[in-house]
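> give the three-dimensional model of this entry:
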Amino acid sequence: MANDKRRSPGKGASGQYRSSKPKPKGKRSAGRGKPYPPKKGRSDSSDRSESAKRRRDLKGAAVDLPNWVIEALTRVTPKDRVAPALEELGAASAAMSDGRYHAAVKHAKTAKNLAPQDATVRETLGLSAYRVGDWDTALSELRAYRRMAGDATHLPIEMDVLRALERDQDVEKAWETLQKADVSAAAWKEGKVVYGTFLLEKGDAGGAWDLTGPDRVGPNANEADLRVWYVAARAAAFNGDTATARRIADAIVLNDPSFAGLDALDQEIAKRS
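Below is the predicted model:
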């Protein structure tokens with residue numbers, strides 16, 4: 001979406017629909033969050049027994065939640081609210097997995113009312129709100145998650161929301177924070193996608209190229225790299241280097257012929273040729 005600063009709900013920073021869905025919170029590995037260690041003095045078999053008992057007390061979607069999610073929510077939620085909160089969180093996770101983001105928002109909001117101190121609940125609400133274009137809810141909930149969990153993984157999404165809201169100074173601040181944060185390579189690359197697109201929108205195609213221009217392009221690239229290449233191709237086209245833009249676009253096609261946004265990229269390159 002080269003010409004409209006306010007993206008349609010669900011679109012990513014490159015202007016295409018986000019080809020990588022946020023992982024539903026009941027499905028991610030514990031390594032993405034911080035798994036809680038067993039309490040001292042408790043055996044592993046005792047922990048497993050209690051976990052199994054909790055699962056027997058739950059119904060429906062909640063039983064698909066990982067043990068660490070159940071245990072974390074249980075620690076910060078009044079006992080009489082635990083089961084219904086887990087039910088709503090499980091339903092929100094299932095809805096996200098199915099692409100039913102409005103339903104996910106509804107269930108996640110109910111879960112938040114029941115368990116407002118749980119980081120995974122706030123994360124799930126923030127990600128699902130982002131998917132439906134509820135920028136204010138997405139921003140407040142993802143910021144709450146970052147404070148509660150000490151995890152900057154979703155800073156690129158915060159930046160994308162700020163970009164959609166045209167809060168330029170806050171985009172710059174978020175970018176500075178991301179550069180100092182300890183995040184995965186995928187999160188860092190997504191940050192480059194968002195900030196590179198922001199620079200393009202501000203007319204700084206040179207800065208966008210400096211940030212995203214690849215040293216080389218070729219086969220066997222992962223999706224995160226393709227998303228960075230997409231912004232780099234746009235930046236090259238904006239700079240008038242359509243030969244480089246075409247070379248990068250062809251490399252994207254080589255890796256993923258169905259990559260979203262290719263038609264728009266072709267048009268952009270052709271317009272500047």
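> now do the helices in this structure.
For the chain, the helices defined by DSSP state H cover 44-57, 67-76, 79-97, 101-114, 119-131, 135-149, 155-164, 168-180, 185-201, 205-212, 223-238, 242-255, 262-272.
> and the fourth one, what's its mean pLDDT?
For helix 101-114, mean pLDDT rounds to 98.
> over to the fifth one?
For helix 119-131, mean pLDDT rounds to 98.
> then stretch 68-79?
Stretch 68-79 shows a mean pLDDT of 96.
> report the backbone C-alpha coordinates of that stretch in PDB.
Extracted as PDB, the C-alpha positions of stretch 68-79 are listed here (Å, rounded to 0.1, in the frame of the first residue of the first chain):
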ATOM      1  CA  TRP A  68       3.100 -23.000  31.400                       C
ATOM      2  CA  VAL A  69       0.200 -20.800  30.100                       C
ATOM      3  CA  ILE A  70      -2.200 -22.400  32.500                       C
ATOM      4  CA  GLU A  71       0.200 -22.200  35.400                       C
ATOM      5  CA  ALA A  72       1.100 -18.600  34.800                       C
ATOM      6  CA  LEU A  73      -2.500 -17.500  34.600                       C
ATOM      7  CA  THR A  74      -3.400 -19.500  37.700                       C
ATOM      8  CA  ARG A  75      -0.700 -17.600  39.700                       C
ATOM      9  CA  VAL A  76      -2.100 -14.200  39.000                       C
ATOM     10  CA  THR A  77      -5.800 -14.800  38.900                       C
ATOM     11  CA  PRO A  78      -8.400 -15.300  41.700                       C
ATOM     12  CA  LYS A  79      -9.200 -19.000  42.000                       C
END
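> residue 159 reaches residue 198, doesn't it?
Yes - look at residue 159 against residue 198 with CB atoms under 8 Å: they come within range, at 7.5 Å. The C-beta positions use only the backbone N, C-alpha and C, and glycine is treated the same way.
> and the helices of the chain, which is most packed in?
helix 119-131 (a mean of 27; mean count of other CB atoms under 10 Å).
> other SSEs contacting that helix?
Using 3 or more CB pairs under 8 Å, 6 or more residues apart in numbering; DSSP states H and E as the contact test, the elements touching helix 119-131 are helix 67-76, helix 79-97, helix 101-114, helix 135-149, helix 155-164.
> run through who's touching the fourth one.
If I follow you right, that is helix 135-149. Helix 135-149 is touched from outside by 33-34, 105, 112, 117, 119, 122-123, 125-127, 129-130, 151-152, 154-155, 157-158, 161-162, 164-165, with contacts defined as CB atoms under 8 Å, 6 or more residues apart in numbering.
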